[in-house]
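Undergrad: could you look at this predicted model? Sequence included:
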Amino acid sequence: MAKVYTGKVVIPANQMDQYLEAMQAAEEARAPFRQSLEQFNRDFAGFLSAKYSKKTVRKHTNIIELFIHFICGYTDVEAIEDITKGMVNSHFRKWYKRKVWDSSTESDLRVALKKFFLFLATEKEIKNEKVLAALK
């Protein structure tokens, strides 16, 4: 089961190089997943631009960009199907409120995520039923 990493890590100074090497290797291993999510976000922007204003498109895609950062940096998820409802609901919302200083509400986050996962399901045929059910 996919996990969300929270808390603090203490690394002894004599092990810092190994830690940084491990982090670099992990980032390189996850690069294809991140790139595919970023491409989906660009496609999502094109999809939204047919129906909504530039401001709305930018708002939704910025939230999704931060969601991608959260998923790739704070979880061990390696496929969209592995994302849990807790990750999109409570974990991402808490992370967003701690890390991002803007006027987006929890409703804004929910709407952007719901539209993104509906886009993936209808346009890309990548379905995550438990996340879609949680975002209703």
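TA: That came through fine. This structure is a prediction, so every number in the text was calculated from the model and none was measured. Numbers count the residues shown, from 1 in each chain.
Undergrad: quick one, helices of this structure?
TA: For the chain, the helices defined by DSSP state H occupy 16-49, 54-74, 85-86, 92-99, 106-123, 129-134.
Undergrad: can you put the ones you listed in CSV and add mean pLDDT?
TA: Formatted as CSV, the helices of the chain follow (pLDDT from 0 to 100):
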stretch, mean pLDDT
helix 16-49, 95
helix 54-74, 96
helix 85-86, 93
helix 92-99, 94
helix 106-123, 96
helix 129-134, 93
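Undergrad: make TSV from the ones you listed and add mean neighbour count to it.
TA: Glycine gets a C-beta too; all of them are placed from N, C-alpha and C. TSV is the format used below for these (neighbours: other C-beta atoms under 10 Å):
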stretch	mean neighbour count
helix 16-49	13
helix 54-74	18
helix 85-86	15
helix 92-99	15
helix 106-123	17
helix 129-134	16
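Undergrad: tell me which of those helices lies nearest to residue 5.
TA: Between residue 5 and the helices of the chain, the tightest spacing by C-beta to C-beta is seen for helix 54-74, at 5.4 Å.
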